[in-house]
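> Sharing a model prediction with you, sequence too.
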Amino acid sequence: MFDADTRQLAFKLRHGMRPSALFDGRPGAEIFKVEARHVGGHLREAVVGEGAGGSAWRFLSDEGLHLKGTDLAPFPFGYFNAGLQSDLMRCLRNAAVARAVALDSLELTLDNEYWLTGSFALGTGRGFAAPTRIEIRIGSAAPADTVADVVKAAVAASPALALLRMPLTNTFALYINGRRRRVAAGAASPAADVADPFLKYAAAPQAVEPVSIVPVEKCAMREAGEITIAPAATTTRITRKVTGRGRLLDASGLCEIETWLQLPGMSHFLFRTDESAEDRAPSGLALVSAGLAFCYMTQLARYVEGMQLGVDSIRLVQFSPFANGTAAGFDTHLFLNGDAPESAQSNLLSIAARTCYLHATMGDALTPLISLRHNGIALD
């Protein structure tokens, strides 16, 4: 993955078949594979495969100016927020179809909150997450209790929401300058060695064809106010709030979600997903997978900068297992290169995992707080 093309923030690079059991709501499981690399600054590139025979999508991510990023591409939380919404809309649509409920409209508002304590320079930082808040707004002629049953079934079926409410143990493998090393802290991956994306991709990923649906784009909208640089350390806590608003565009499963970080000067980003077999855009689970990989890479980059480590060419391969109604820990294979001592590079893996807000999200039991409005009326 070289010389990242920044003209497109996302595109399809390989055709495949949607994992029908997972997307139709039947029992089934798939493992999504993320291959990501650090381009420079906070710009990252990832290829996400949607299961063994599924399509692959290429994404770019960056941070805002508050982290000295370029604000070119969506921030990691934006991917994660949009992915949660899209997967929930998939499950809501499936549950409605199963109960012969016509959805005249479906809209969501989803809020995430994260915070950091400690210091990047000292390696004492730690990330935390609060329970996700979701407001579901459904327009339908169906009775209120039937609509409530649809929501209950959808929430139980969504693997993305299961990832929030189930405490999960993520595993890691570490490769330093081309050789696998023992993981000093945390759960070690039981998996065999995987291919380094640097060696796998001899050329930059290319779109397979022009698309009528743009999966990711930057909006003109920005949050009001002046940007301030985020501190590298805190004696209290640094809080980050993320909001997303999504809607189901048509009955086939096309969704549109706008996300932004609630900080002065932050840009809004628009995601379009497809939760059907038509495969016109990425799935929500692909965005969830990419978001977690990108968030972890942000923490790696911040620690390398803060601790002035001789580490470069950061890459990873992440395996994200999903099944209807449940979730499992992700398995991340991290590739580090440079002249920093191996002990420092080894510590970097676990230090960044402790700081990563989305790894913290997966490690805790954070049952989403959900409210429902049916035809504009709030239901208990």
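Received the coordinates, thanks. Numbers count the residues shown, from 1 in each chain.

> hmm, who's touching the helix or strand bottoming out on mean pLDDT in the chain?
Of the helices and strands making up the chain, the lowest-confidence element is helix 20-24, at a mean of 72, by mean pLDDT, DSSP states H and E. Identification of contacts with helix 20-24 by C-beta atoms under 8 Å, 6 or more residues apart in numbering yields 26-30, 51, 90, 94, 159, 275-277, 283, 285, 322-324. Glycine gets a C-beta too; all of them are placed from N, C-alpha and C.

> which parts of that helix are buried?
Buried positions in helix 20-24, judged by neighbour count with 16 or more other C-beta atoms under 10 Å: Leu22, Phe23.

> need the next SSE after that helix, C-terminal direction.
Reading on from helix 20-24 to the C-terminus, the next helix or strand found by DSSP states H and E is strand 29-40.

> so what strands line up beside that following strand?
Paired neighbours of strand 29-40 in the sheet (DSSP bridges): strand 43-49 (antiparallel), strand 311-323 (antiparallel).

> Out of those strands, which is closest to Asn375?
strand 311-323 (32.2 Å; C-beta to C-beta).

> Where do the helices of the stretch 51-200 of the chain begin and end?
Counting by DSSP state H, counting those that start in this stretch, one finds helices in the stretch 51-200 of the chain at the ranges 76-98, 144-157, 159-165, 197-200.

> buried set for the longest one?
Under the neighbour-count criterion of 16+ other C-beta under 10 Å, helix 76-98 has 76-96 buried.

> Next, the contact list for the residue nearest the centre of the chain, please.
Nearest residue to the geometric centre of the chain (C-alpha atoms, centre = their mean): Gly291, 2.2 Å. By C-beta under 8 Å, 6+ apart, the contact list for Gly291 reads Pro76, Phe77, Gly78, Tyr79, Phe80, Asn81, Gly83, Leu358.

> so which of those would you say is closest to Leu174?
Using C-beta to C-beta, the contacts of Gly291 come closest to Leu174 at Leu358, 19.3 Å.

> how many other residues sit next to the closest one?
By the measure other C-beta atoms under 10 Å, the count of residues near Leu358 is 27.

> That one should be in a helix, yeah?
Yes: with DSSP: H, G, I helix; E, B strand; the rest coil as the criterion, Leu358 is part of a helix.

> what sits against it?
Contacts of Leu358 (C-beta under 8 Å, 6+ apart): Pro76, Phe77, Phe80, Ala129, Gly291, Leu292, Cys295, Tyr296.

> What confidence value was assigned to it?
The model reports Leu358 with a pLDDT of 94.

> Please report how far the nearest residue to Val311 once chain neighbours are set aside lies from Glu305.
Excluding the flanking residues, the one nearest Val311 by C-beta to C-beta, 6 or more residues apart in numbering is Gly338, at 4.1 Å. Between Gly338 and Glu305 the computed distance is 13 Å (C-beta to C-beta, to the nearest Å).

> do Ala96 as well
Counting by C-beta to C-beta, the gap from Ala96 to Glu305 is 47 Å.

> Give me the three-state assignment for Leu292.
Under three-state DSSP, the three-state class of Leu292 is helix.

> Name all residues that make contact with Ile377.
Ala144.

> what are the bridge partners for it, then?
Per DSSP bridges, the residues bridged to Ile377 are His374.

> again with Leu254
Judged by DSSP bridges, the bridge partners of Leu254 are Asp274.

> Would you confirm that Gly123 contacts Ala344?
No: using C-beta atoms under 8 Å, Gly123 is not in contact with Ala344; the gap is 9.5 Å.

> what is in contact with the two at once?
Common neighbours of Gly123 and Ala344 (C-beta under 8 Å, 6+ apart) are Met307.

> which residues does Thr332 contact?
Asn170, Thr171, Phe172, Ala173, Ser189, Ala293, Tyr296, Leu316, Val317, Gln318, Phe319.

> can I get the residues you listed in JSON lines with distance to Thr259 and pLDDT?
Converted to JSON lines, the contacts of Thr332 look like this (distance: C-beta to C-beta, whole Å; pLDDT from 0 to 100):
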{"residue": "Asn170", "distance to Thr259": "23", "pLDDT": "96"}
{"residue": "Thr171", "distance to Thr259": "28", "pLDDT": "96"}
{"residue": "Phe172", "distance to Thr259": "28", "pLDDT": "96"}
{"residue": "Ala173", "distance to Thr259": "31", "pLDDT": "97"}
{"residue": "Ser189", "distance to Thr259": "30", "pLDDT": "96"}
{"residue": "Ala293", "distance to Thr259": "17", "pLDDT": "97"}
{"residue": "Tyr296", "distance to Thr259": "19", "pLDDT": "95"}
{"residue": "Leu316", "distance to Thr259": "23", "pLDDT": "97"}
{"residue": "Val317", "distance to Thr259": "26", "pLDDT": "98"}
{"residue": "Gln318", "distance to Thr259": "21", "pLDDT": "98"}
{"residue": "Phe319", "distance to Thr259": "25", "pLDDT": "98"}
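
> most neighbours, which of these?
That'd be Tyr296 among those, by other C-beta under 10 Å, with 29 neighbours.

> The nearest residue to that residue once chain neighbours are set aside: how many residues sit nearby?
Distances taken as C-beta to C-beta, 6+ apart put Cys356 closest to Tyr296, at 4.8 Å, once the chain neighbours are dropped. Cys356: 27 surrounding residues under other C-beta under 10 Å.

> Great, nothing more from me.
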